[in-house]
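[1] Take this sequence and fold it.
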Amino acid sequence: MTSATAHPPSQVRTGGCLCGAVRYEADWPPQALVTCHCTNCQKQAGSALSVVAVLARDGLRVDGELNTYEDRGASGQPVWRRFCPRCGSPVITDTPAVAQQGLIFLKAGTLDETADLVPTLHYWTRSAQGWFPFNSGTIACLETQ
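    Numbering: from 1, shown residues only. Coordinates of the predicted model:
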């Protein structure tokens, strides 16, 4: 991820975990909407990929308690996966590099409104499921991050 580019928010989106114990407001639109196909995101999401909104840290306001599981990325650096301790819903992914840029990753599936979400970038495509239909040329694909 390159350094943050200022995108003034035009609206605020809300979301939260499955049980409602964690709620948030996020300045919208995000700087990017990415899918991550790395094997750790697949396991954490229980799916073929994870969809995350890249937001300015100060544009996310969370109400409720989150627990943190410390994972390790391919670089060996920590990846903090923050989730609701009651229902287990993943809400935020964070890393030191992302934090230094003033950004944070919000799990887009936790938004209340998701019908208009369109990914802008695919990460870790080399570990994507073989059946995943990449639309060649329409969305940038990176073999790693």
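
[2] how about the strands of this structure, start to end?
    For the chain, the strands defined by DSSP state E cover 11-16, 23-28, 32-36, 50-56, 60-63, 67-72, 78-83, 90-94, 103-107, 121-123, 140-141.

[3] So for A115, which of those sits nearest?
    Among the strands of the chain, strand 11-16 comes nearest to A115, with 11.9 Å by CB to CB. Placement of C-beta: from N, CA and C, glycine included.

[4] And that closest one, what's buried?
    Of all the residues in strand 11-16, those buried under the rule 16 or more other CB atoms under 10 Å are R13, G15, G16.

[5] Stretch 125-140 too?
    So for stretch 125-140, counting by 16+ other CB under 10 Å, buried means T125, S127, A128.

[6] Stretch 49-59 now?
    In stretch 49-59, counting by 16+ other CB under 10 Å, buried: L49, S50, V51, V52, A53, V54, L55, A56, G59.

[7] pLDDT score for the last one?
    Per-residue pLDDT puts G59 at 97.

[8] S136 now?
    Confidence at S136, expressed as pLDDT, is 61.

[9] Next: G88.
    As predicted, G88 sits at a pLDDT of 97.

[10] Next, it: phi, psi?
    phi 80, psi 0 (degrees, to the nearest 10).
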